[in-house]
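**Student:** Whatever this is, show me its structure:
(chains A and B)
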Amino acid sequence: MVLGSVATVTEDETLLSATGLTKTFGDFTAVDGIDFAVRKGECFGFLGPNGAGKSSTMRMVGCVSPVTSGELRLFGLDPARHGPAIRARLGSCPQRDTLDEELTVEENLWVYGRYFGLSRKEVRTRAAELLDFAQLTDRAGDKVEPLSGGMKRRLTIARSLINSPEILLLDEPTTGLDPQARHVLWDRLFRLKRSGVTLVLTTHYMDEAEQLCDRLVVMDHGRIVAEGSPRSLIDEYSTREVLELRFDAEDHQDVAEQVTGIGERVEVLPDRLLVYADDGDQAAAVVHSRGIEPLSALVRRATLEDVFLHLTGRTLVD
Amino acid sequence: MAMATPLPSDAGTDAGVRSRARPGPRQPLSTAERMLAVFSYFLTVYRRTWRGSIIGRFLSPLFFLLAMGVGLGSLVNDRVGGVDGLPYLQFVVPAIVATQTMWVAMGESTYQVLGYIKWNMGYHAMLASPMSVRDVLRGHFLAVAAHLTTATTIFMGVAALFGGFRSVAAVFCLPIAILTGLAFTTPIFAFTARQEGDDGFNILFRWVVTPLMLFSGTFFPVEQFPGWMQPIAWVTPLWHGVEACRDVATGAVALGPFVGHVAVLAVYVAVGWWLAERSFAARLVP
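**Tutor:** The predicted model follows:
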């Protein structure tokens, strides 16, 4: 409600941009000259497997890790010179919760608000609103330690919102949570986005990226290998549908040649074959007509997982 | 049902001043505000833990007071008539005042600090806010100074009841003791930020804290050692803290040496602080 009245902003205002952004640790290059830009109000994702450089990127964006080379700007400011001023306008949910488990739920928020210079009164009001948002009001006076993983995550998010950030950074927000807890969290993030907060997140879950992201980049080995909306990436790098075939075979490579020529392309995984075709049922019919008898045949819609597989030859979650 | 909103309401914001709880560029925090923000975190933690810590704070120096001051003291007083004309209790109490700050400093600067670096990552949480490494250190040092103040005040109160001080001038032991504690705190912070596990702490306890306690003139004057050993005491912060506290408590302050003691302690604090900033930055802002 107040976000829109902050300043006269145009919808396509770029809040965050990186050019040739690089991070090295000794000889190791974690982030290898990436370019991206995030516009106000969108949800922007970094999708990639563990070790792709997503978290290193996030730490630079969060102004808690210096840029090795390249240019990074948030709100038009350089983190090297204006780190505190930028961080005052960011919310940050690190991969691992950094809550104080000995303190109560609300104490965690009160303490954190003080770091942003909120008065005692402001912190109390804000904490109450955020606990409501995070559905933790009835746990306000409890210690953090016994809370479930999902609750701790929600508390971390509530805490990161204490300063009403314009950009919220989420590093693997739902890793380690059960499906139910993930859906609750996604719902909260979706509401945040609707209220105008710009979200930047990393994930190695393609369903999370599809659910939340307006636009994303696919990262691998510190580089960006593709960029676009989930839909456009699937359209560009995959067929509409995928036929999954499982055979009674030690190595699916051996049976791969039987399906040669069906669909546009075939990917071989250790436990199954993926036949890429715009019409999966038709491809299944062709398989059948050739007299090939898989243990199972499943037609599904193509996902970002398929995009990643096509781009890197590997799956996202090993 | 009203939709839960993540946005700030107008309630609770201070009219007139642009609230930092509002989106957009914020008024930066002053140095003091940043230090106090970090300090208020430690204060919140302390409100939860003071009961447990205060017992330890009390008991171990109290045991020393009883064993050394009263037990050993009566023997010393009977046989040799005290130390330099002082009853042994009044000789040893100002020294224990200084020495217990070393223990407090150890307690506050080892596992705790490594915990904030590695285990609960409390420092990382602070550094994601506008706080910098420098702010975090300032706030945490202030918190340790507060611990040193409480612990020393309590101990001095108890020791006074036992007749451990010769004159009221002993109250000036308090600032010296705090300085002594900080002379350990800042270098130990720097040391801790370079540790992966607690092995280093055991070494610190065994090879630094214990020998210092025994050989810094706490329980007997360093002059009891052969001449070549005495300069070793001169470079350790504890000896300077012990000497300065004892001088103040017994009313035997010689200005030159006293200023020297305080200066050495201040140098330890300053160099330790500088090292701590470097090792914290290297560890926390990779």
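
**Student:** Show the contacting residues for residue 101.
**Tutor:** You didn't say which chain, so I picked chain A. The contact partners of residue A:101, by C-beta atoms under 8 Å, 6 or more residues apart in numbering or on different chains, come to A:143, A:144, A:145, B:120. C-betas here are computed from N, CA, C, even on glycine.

**Student:** wait, chain B
**Tutor:** Shown in contact with residue B:101 (C-beta under 8 Å, 6+ apart): B:148, B:151, B:152, B:177, B:178, B:180, B:181, B:184, B:241.

**Student:** secondary structure element for it?
**Tutor:** Element membership for residue B:101 (DSSP states H and E) is helix B:88-109.

**Student:** In the helix or strand following that helix, which of the residues would be classed as buried?
**Tutor:** Later in the chain than helix B:88-109, the nearest helix or strand by DSSP H and E is helix B:111-114. Buried residues in helix B:111-114, counted by 16 or more other C-beta atoms under 10 Å in any protein chain shown: B:112, B:113, B:114.

**Student:** Can you report phi and psi for the residue nearest to the second one when sequence neighbours are not counted?
**Tutor:** Nearest-residue entry for residue B:113: residue B:192, 4.4 Å, with adjacent residues in sequence omitted and distances by C-beta to C-beta, 6 or more residues apart in numbering or on different chains. Note on residue B:192: its backbone torsions stand at phi -60, psi -40 [degrees, to the nearest 10].

**Student:** Please identify which helix or strand holds the residue in the stretch 1-150 of chain A that chain B sits nearest to.
**Tutor:** Proximity of the stretch 1-150 of chain A to chain B (C-beta to the nearest C-beta) peaks at residue A:125, 2.8 Å away. If you go by DSSP H and E, residue A:125 is part of helix A:120-133.

**Student:** List the contacts of residue A:246.
**Tutor:** A:271, A:272, A:273, A:294, A:295, A:296, A:297.

**Student:** Make a ChimeraX selection of the buried ones in these.
**Tutor:** To isolate the buried members of the contacts of residue A:246 in ChimeraX, using 16+ other C-beta under 10 Å:
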select /A:272,273,294,297
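
**Student:** and the contacts of residue A:246 as TSV, adding secondary structure and pLDDT?
**Tutor:** Formatted as TSV, these follow (DSSP: H, G, I helix; E, B strand; the rest coil; pLDDT from 0 to 100):
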residue	secondary structure	pLDDT
A:271	coil	88
A:272	coil	91
A:273	strand	93
A:294	coil	91
A:295	coil	92
A:296	strand	92
A:297	strand	93
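
**Student:** Dump the contacts of residue A:246 into TSV; add distance to chain B as well.
**Tutor:** Formatted as TSV, these follow (distance: C-beta to the nearest C-beta, whole Å):
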residue	distance to chain B
A:271	38
A:272	40
A:273	43
A:294	48
A:295	47
A:296	44
A:297	45
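
**Student:** and of the contacts of residue A:246, the nearest to residue B:142?
**Tutor:** Among the contacts of residue A:246, residue A:271 lies closest to residue B:142 (C-beta to C-beta), at 58.6 Å.

**Student:** close enough to count as contact, the closest one and residue A:252?
**Tutor:** Yes. The pair residue A:271 / residue A:252 is scored as a contact, 6.8 Å apart, by C-beta atoms under 8 Å.

**Student:** Residues of the stretch 51-200 of chain B that sit close to chain A?
**Tutor:** For the stretch 51-200 of chain B, the contact set with chain A under C-beta under 8 Å from any C-beta of the partner chain comprises B:120, B:121, B:122, B:124, B:125, B:126, B:127, B:128, B:129, B:130, B:131, B:132.

**Student:** Helices - which of the residues you listed land there?
**Tutor:** In this view, these that belong to helices under DSSP state H are B:122, B:124, B:125, B:126, B:127.

**Student:** Now a ChimeraX select for only the buried ones of those residues.
**Tutor:** Those of those that count as buried under 16+ other C-beta under 10 Å are selected in ChimeraX with:
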select /B:122,124,125,126,127
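
**Student:** Check the ones in helices among the residues of the stretch 51-200 of chain B next to chain A against chain A and report the nearest one.
**Tutor:** Sorting these by how near they are to chain A, with C-beta to the nearest C-beta, puts residue B:125 at the top with 3.9 Å.

**Student:** gap between residue B:56 and residue B:92?
**Tutor:** 21 Å (C-beta to C-beta, to the nearest Å).

**Student:** who has more neighbours, these two?
**Tutor:** Ranked by neighbour count (other C-beta atoms under 10 Å in any protein chain shown), residue B:56 and residue B:92 place residue B:92 first, with 28 against 13.

**Student:** Give the buried residues for whatever helix or strand residue A:31 lives in.
**Tutor:** Following DSSP H and E, one finds residue A:31 within strand A:28-39. Neighbour-count burial for strand A:28-39 flags A:29, A:30, A:31, A:32, A:33, A:34, A:36, A:38, A:39 (criterion: 16+ other C-beta under 10 Å).

**Student:** Give me the contact list for it.
**Tutor:** Strand A:28-39 has contacts (C-beta under 8 Å, 6+ apart) with A:11-24, A:44, A:53, A:56-57, A:60, A:68, A:70, A:167, A:198, A:200, A:217, A:219, A:221-224, A:227.

**Student:** could you give me the average pLDDT of that strand?
**Tutor:** Average pLDDT, strand A:28-39: 97.

**Student:** And for stretch B:201-219?
**Tutor:** The model assigns stretch B:201-219 a mean pLDDT of 91.

**Student:** How far off centre is that stretch?
**Tutor:** Relative to its chain's centre, stretch B:201-219 lies at 16 Å (C-alpha atoms, centre = their mean, to the nearest Å).

**Student:** now residue 241, nearest residue through space, not along the chain?
**Tutor:** Unless you meant another one, I'm taking chain A. The spatially closest residue to residue A:241, leaving aside those adjacent along the chain, is residue A:280, at 3.6 Å (C-beta to C-beta, 6+ apart).

**Student:** wait, I meant chain B there
**Tutor:** With C-beta to C-beta, 6+ apart as the criterion, residue B:241 has its nearest non-adjacent residue at 3.0 Å, and that residue is residue B:180.
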